[in-house]
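Trainee: 3D model of this:
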Amino acid sequence: MSISTIYRLASQGDSPALEALIAATADAGLIGFTDEYQADLLELHRALADDLHSVVAERDGCVVGMAFADVHPVQVCGEVRVGAYLSHLRVASEHQRQGIARALSDWGLDYLSDRFGPEIVPYAAIMQGNLSLRLAARYGFQTTEPIQGGVVPVRRRPPMPQPELEVRLAHQADLPAIADGMNRYYCEHNLWSPVSAASLEAFLEQDAAGVKPNQLYVVARGGEPLAGLSTSDRTALVHMRITRAPWFLRLLGAWLGVLPRSGVLRALTVRRLWFEAGELDSARYLWQSLRYRLRSQADGLGIAYDLRDRLADVFRLPAWLPTFPARYVVRVEGKLETGRLTYCIAGP
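Mentor: Numbers count the residues shown, from 1 in each chain. As a prediction, this is how the structure comes out:
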């Protein structure tokens, strides 16, 4: 006798079941990780997303599968479209290989198309070795060039001072210049979501379970911002636990101080790094200064970037640092212009 499966939007009462499902289904890539929530799961995701849509698969009254989509404007092939960042596609182990992941994907993608129109651009980050790459290919998703994520340890000593440069939190008056700088830097990137002074102010005011996790930093000369980045400190909201990694990565991570014996990463998320033309050295100074300044908040800073991006020249990661290779998959009408750089929203 076949088992009936119901596919529906998640309700607030599903949070405990979704949390248990996430805890039981670590990512299936070369490096496995899972999230441990310190507050209500759906409330957190809704507070931190632009426009969260969550779907579940249910059997006999039990949640056995899930997926999230965060809907927001996104650049693809030089145009701003409605995008949906897909994440947390999970199926309980005892229900895997029964077509639930595919049926859940069918239901969710049809829902997004009906709700936002057939030209919506779904996309997702998939770690190297994850079988979801095969599922994505079946749905006509195209694959970007490789991206890389990693956790960079904080510094114990400050970088050499540069008296003409000031590293500081952004001021309210800086927001228009920061928005312009970010949009200029990422104007040709696929998957960048354009920002404004108002959207950056909303980012700073985000509140999840009484925590405001976000900050904007700049490096300025004569008061004028030359480069900047955003940080998100979600360590009090969600614990990211590494559940599987090659032995040498665990050993190296422990030696660097970014992967304690507990396996829980205590890292801030760094995104939206930008710099003005000719100010690469200023961006490097900002990055190294913050690695030192933020040492009491975290053991490391989580970054993600296209390997072809000049951000690699800012971070200058040593070859021996543990990293998380991945790609984005994007479903868009026509050919994805993979020659364009990719902005990375996901990662540590």
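Trainee: can I assume residue 105 is in contact with residue 139?
Mentor: Yes - counting by Cβ atoms under 8 Å, residue 105 touches residue 139, with 6.6 Å between them. Heads up, the C-betas are built off the backbone N, CA and C, glycines and all.
Trainee: Among these two, which residue is more densely surrounded?
Mentor: residue 105 (21 against 13; other Cβ atoms under 10 Å).
Trainee: so how far is residue 136 from that one?
Mentor: From residue 105 across to residue 136, the span is 9 Å (Cβ to Cβ, to the nearest Å).
Trainee: quick one: the closest residue to residue 107 other than its chain neighbours and residue 119, what's the gap?
Mentor: Excluding the flanking residues, the one nearest residue 107 by Cβ to Cβ, 6 or more residues apart in numbering is residue 7, at 4.0 Å. Distance, residue 7 to residue 119, by Cβ to Cβ: 23 Å.
Trainee: Check which helices and strands the helix ranked longest in the chain is in contact with.
Mentor: Longest helix in the chain, counting residues (DSSP state H): helix 100-116. Helix 100-116 is packed against strand 6-9, strand 52-59, strand 62-76, strand 79-91, helix 132-138, with contacts defined by 3 or more Cβ pairs under 8 Å, 6 or more residues apart in numbering; DSSP states H and E.
Trainee: Let's see that with 10 Å instead.
Mentor: The helices and strands touching helix 100-116, judged by 3 or more Cβ pairs under 10 Å, 6 or more residues apart in numbering; DSSP states H and E, are strand 6-9, strand 52-59, strand 62-76, strand 79-91, strand 121-127, helix 132-138.
Trainee: okay, the angle between it and strand 52-59?
Mentor: Between helix 100-116 and strand 52-59, the angle comes out at 140 degrees (axes from the mean of the first three to the mean of the last three Cα atoms, to 10 degrees).
Trainee: Just want the angle from helix 100-116 to strand 62-76.
Mentor: Going by the same axes, to 10 degrees, helix 100-116 makes 50 degrees with strand 62-76.
Trainee: Put the alpha carbons of the helix or strand harbouring residue 149 into PDB.
Mentor: Under the criterion of DSSP states H and E, residue 149 resides in strand 147-153. Taking Å, rounded to 0.1, in the frame of the first residue of the first chain, the C-alpha atoms of strand 147-153 are listed here in PDB:
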ATOM      1  CA  ILE A 147      33.100  29.600  -5.600                       C
ATOM      2  CA  GLN A 148      34.800  29.200  -2.300                       C
ATOM      3  CA  GLY A 149      33.800  29.600   1.300                       C
ATOM      4  CA  GLY A 150      36.000  29.500   4.400                       C
ATOM      5  CA  VAL A 151      36.500  30.600   8.000                       C
ATOM      6  CA  VAL A 152      39.500  32.800   8.400                       C
ATOM      7  CA  PRO A 153      41.000  32.900  11.900                       C
END
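Trainee: which parts of the following helix or strand past it are buried?
Mentor: Downstream of strand 147-153, the next assigned helix or strand under DSSP H and E is strand 166-169. Within strand 166-169, the residues scored as buried using 16 or more other Cβ atoms under 10 Å are residue 167.
Trainee: CA atoms of strand 166-169 as CSV?
Mentor: Only the C-alpha atoms of strand 166-169 are listed here, as CSV (Å, rounded to 0.1, in the frame of the first residue of the first chain):
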residue,chain,number,x,y,z
GLU,A,166,40.5,55.1,9.7
VAL,A,167,38.6,51.8,10.2
ARG,A,168,35.2,52.4,11.9
LEU,A,169,31.6,51.5,12.0
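Trainee: Now do whatever helix or strand comes next after it and strand 62-76, the angle between them.
Mentor: Downstream of strand 166-169, the first helix or strand assigned by DSSP H and E is helix 175-185. Angle of helix 175-185 versus strand 62-76, following the same axes, to 10 degrees, is 90 degrees.
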